[in-house]
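Trainee: would you be able to build a 3D model of this:
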Amino acid sequence: MTRPSWAPEGIDLDRPSASRVYDYFVGGMHNFEIDRTLARQIESFTPNVAETMRANRDLLRRCVRQLVDAGITQFLDLGSGIPTVGNVHEVAQARDARSRVVYVDIDPVAVAHSRAILDGNPDAAVIQADVADPDRILADPLVREMLDFDRPIAVLLLGVLHFVADEADPAGCVARLQQALAPGSCLAITHATADGQPAEVLEAQKLSGRTSTEIVLRDRKQIAEFFHGWPLLEPGLVHLPLWRPDNPADVGPHPELSGAYGGLALLS
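Mentor: Presented below is the predicted three-dimensional model:
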């Protein structure tokens, strides 16, 4: 296979990458036929899996637009995957050119692709780190160089906490991140759930993970506890399509089929 200019050296193009499969599902161009083949296999028994992933990406865009409009120009995106197809830096910098973004992912494939994509953008960067190690993230020199922790920061945990096992203390990881933030900062979370999901959708969620870590499906009450009392902005913690849709007609009759909840909280 001829290596395209956006594919960094050292990345195996003969094996599917979960990050590139996700990129395919959300309409991205940073994937190969081997990734698309796996994606089609997943879709063959769970036709709405791509819709679920797009619902998460759509919420990300709506959230970032509204945060920038509210004056937030710093973003820490954990579990970011490959930052393509209208991801945080594109949406935020189109709204306010001063916006700065740091992506964090544990997947070396996602990080390598991200570095290639972000090359030449001085206000967007990526580090390889585990969301379950918040102290490592907060102490990273690049994170500290890019973001001013004396000013509000939006921490985005979209579609990542369900990859953190209970033994790794996801609630404690979120709390550590919150403690580092200045007043006016925000915390956005989306999280897969078993609530109202048929068995085939639950199986697809396991197959579509970015890493080999098995997904942990949590209910609405468990997900709400990750905010640690920070007040949730309207409409609260809801199924993804219900979170501030651009058009109410986009929601559809069964928003629960998105298979996840999402919410945004503010440190006042």
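
Trainee: regarding this structure, what is its longest helix?
Mentor: helix 49-69 (DSSP state H).

Trainee: who's in contact with residue 33?
Mentor: Residues in contact with residue 33 (CB atoms under 8 Å, 6 or more residues apart in numbering): none are found. To be clear about C-beta, it is placed using only N, CA and C from the backbone, and glycine gets the same treatment.

Trainee: now it: how far from residue 193?
Mentor: Residue 33 is 32 Å from residue 193, where distance means CB to CB, to the nearest Å.

Trainee: again with residue 120
Mentor: For residue 120, the distance to residue 193 equals 39 Å [CB to CB].

Trainee: which one of these two is surrounded by more residues?
Mentor: For residue 120 versus residue 193, the count of surrounding residues by other CB atoms under 10 Å is larger for residue 193: 22 against 6.

Trainee: need the pLDDT of that one.
Mentor: On pLDDT, residue 193 comes in at 88.

Trainee: try residue 82
Mentor: According to the prediction, residue 82 has pLDDT 81.

Trainee: check contacts around it.
Mentor: Residue 82 touches 19-20, 22-23, 28, 30, 110, 113-114, 117, counting by CB under 8 Å, 6+ apart.

Trainee: let's see that with 7 Å instead.
Mentor: Under the criterion of CB atoms under 7 Å, 6 or more residues apart in numbering, the contact list for residue 82 reads 19-20, 23, 28, 30, 110, 113-114.

Trainee: residue 85 too?
Mentor: 26-28, 57.

Trainee: report the secondary structure state of it.
Mentor: Of the three states, residue 85 takes coil under DSSP: H, G, I helix; E, B strand; the rest coil.

Trainee: grab the nearest non-local neighbour of it.
Mentor: residue 28 (4.4 Å; CB to CB, 6 or more residues apart in numbering).

Trainee: kindly report the same for residue 95.
Mentor: Nearest one to residue 95, counting by CB to CB, 6+ apart, is residue 68 at 4.0 Å.

Trainee: I'd like the distance between the residue nearest to residue 85 and residue 243.
Mentor: Separation of residue 28 from residue 243 (CB to CB): 22 Å.

Trainee: helix or strand with the lowest mean pLDDT in this protein?
Mentor: None of the helices or strands of the chain scores lower by mean pLDDT, DSSP states H and E than helix 199-207, at a mean of 62.

Trainee: for the residue nearest to residue 85, give me phi and psi.
Mentor: phi -80, psi 170 (degrees, to the nearest 10).

Trainee: what about it, how many residues nearby?
Mentor: 19.

Trainee: OK, contacts around it?
Mentor: So residue 28 contacts 82, 84-85 (CB under 7 Å, 6+ apart).

Trainee: which of those residues lies closest to residue 180?
Mentor: Closest approach between the contacts of residue 28 and residue 180, by CB to CB: residue 82, at 26.0 Å.
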